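Engineer: Kindly return the folded structure for what I paste below:
(chains A and B)
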Amino acid sequence: MVKVKVLGTGCKNCQRLYGTVTETVRELGLAAVVEKVEDLAAIMSFGVMSTPALVVNGRVVLSGRVPGKEEVKKLLQGA
Amino acid sequence: MTTLFANYLVYRLFGVAHGTRLGDALSFFVGDIVKIYLLLMVIVFAVAVIRSFFPPERARRLLGQKREFVGNVLAALLGIVTPFCSCSAVPLFIGFVESGLPLGVTFSFLISSPTVNEVALVMLWALFGWQISLIYISTGVVLAILGGVIIGRLHLEKEVEAYVYEIRMGQSATAAEAGIVWRDRLAYAWSYTADIFRRIWLFILLGVGLGAWIHGYAPVDLVVRFAGRGNPWAVPIAVLIGIPLYSNAAGTIPIVQALVGKGMPMGTVLAFMMSIVSISTPELIILRKVIKPKLIAWFVGIVAVSIIIIGYLFNALLPA
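Structural biologist: Take a look at the predicted model:
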């Protein structure tokens, strides 16, 4: 089970990433749990200063930009 | 080369007659637009690649716990190369404060980041020459340094929301940076450039078109009377109007074009532009989550006054 967290305080980019991630999970049929984290303290605890950010199984794999679907696929599958 | 393309488009494709005013204006306009779009894409792309090397987490490490002044200068410079998104303003702020960076240094970063914007640079260069562009960058940096130093001196640390000092920032973000390869950088830079272009191509079109129209047709009177050299209050008025206005740098270009075309002095125009981009209402609202109203007020006040001074300075230094 892959644990995915999308970090973001609710702006357009963060929502876009969340959408891309949930879509990718569905398309790949991955056994994954996707959570949107909007709480500041929680976001900071990952050492992230630039949202949106993507956390896979506890590791920050991307921060500060909105990746394309291909990259999200790579990041999710590489977990 | 762009002139050849423009001429082809206007005279061949659209069949406008040679030697007509319309033909001249159109070919000039098309040539200008194409040149600007190309310049924009190239520079935004280059800047995006540079920025991929400077995520905020890295700026935070580089700034460490630098003291005043050296810290302010470094923060102002790093603010230029660090990508800035209004939504990241809060985590960014918290990250810097939490690492022990002095408040003033953090503000130097916050001022330079949105103000010294690569789109503004390109547009100012394309429309008014590289000297104006350089002036804009340098004053933006100086503004960031001074603004940060002053805020630091005022010791407004208690005007930061208390919880910010309680937050403990984790270390794991560094892992994300390590994995980036050149292909990712270029892909990021390309999508960033495409996104910027998508968002501002119309503004640029309107701006250049407006400038060309004004140049040819509009009488130069009303605005010059109120905000031209004759009026000593022009600069503060322009800056005050700019405060509540919000736009990214590109959006100001049509306005800037129009004003310069109508004879407004360059110093006043630059002050107006800076006031619009560096004091952004949406960003202030977002920052309210971490900064109390008093500090926000000080921030706006200091930046506004500095910009006004800059405006007067350049009106005095630049020839009419």
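Engineer: Give me the average confidence score over the longest helix along chain A.
Structural biologist: Looking only at chain A and at elements set by DSSP state H, the helix with the highest residue count is helix A:12-28. Helix A:12-28 shows an average pLDDT of 89 in the prediction.
Engineer: buried stuff in that helix?
Structural biologist: Of the residues in helix A:12-28, those scored as buried under the neighbour-count criterion (16 or more other C-beta atoms under 10 Å in any protein chain shown) are A:13, A:14, A:17, A:18, A:20, A:21, A:24, A:25. The C-beta positions use only the backbone N, C-alpha and C, and glycine is treated the same way.
Engineer: Same list, these, but as CSV with distance to residue B:288 please.
Structural biologist: Formatted as CSV, those follow (distance: C-beta to C-beta, whole Å):
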residue, distance to residue B:288
A:13, 20
A:14, 19
A:17, 24
A:18, 24
A:20, 30
A:21, 29
A:24, 35
A:25, 35
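Engineer: hmm, which two among those residues are most spread apart?
Structural biologist: Pairwise distances among those were taken by C-beta to C-beta; the largest, 18.8 Å, belongs to A:13 and A:25.
Engineer: Quick one: residues contacting residue A:7.
Structural biologist: A:14, A:37, A:42, A:43, A:46, A:48, A:51, A:52, A:53, A:54, A:55, A:63 (C-beta atoms under 8 Å, 6 or more residues apart in numbering or on different chains).
Engineer: And chain A, is the longest helix along chain B touching that?
Structural biologist: When secondary structure is assigned using DSSP H, the longest helix within chain B turns out to be helix B:182-216. Yes: with C-beta under 8 Å from any C-beta of the partner chain as the threshold, helix B:182-216 lies in contact with chain A, specifically through B:184, B:187, B:188, B:191, B:192.
Engineer: near chain B, which residues of chain A?
Structural biologist: Residues of chain A lying close to chain B by C-beta under 8 Å from any C-beta are A:8-14, A:40-41, A:43-51, A:53, A:58-68, A:71.
Engineer: returning to that earlier point: packing partners of the longest helix of chain B?
Structural biologist: For helix B:182-216, the contact count by 3 or more C-beta pairs under 8 Å, 6 or more residues apart in numbering or on different chains; DSSP states H and E identifies helix B:21-51, helix B:118-128, helix B:249-261 as packing neighbours.
Engineer: number of nearby residues for the closest residue to residue B:200 other than its chain neighbours?
Structural biologist: Nearest in space to residue B:200, with sequence neighbours left out and distances taken as C-beta to C-beta, 6 or more residues apart in numbering or on different chains, is residue B:250 at 3.8 Å. Residues lying near residue B:250 (other C-beta atoms under 10 Å in any protein chain shown) number 23.
Engineer: Is the spatially closest residue to residue A:64 that is not a sequence neighbour in a helix, a strand, or coil?
Structural biologist: With sequence-adjacent residues excluded and distances taken as C-beta to C-beta, 6+ apart, residue A:64 is closest to residue A:50, at 3.4 Å. When the structure is split into helix, strand and coil by DSSP: H, G, I helix; E, B strand; the rest coil, residue A:50 lands in coil.
Engineer: tell me the phi and psi of residue A:50?
Structural biologist: In this entry, residue A:50 is assigned phi and psi values of phi -130, psi 110 (degrees, to the nearest 10).
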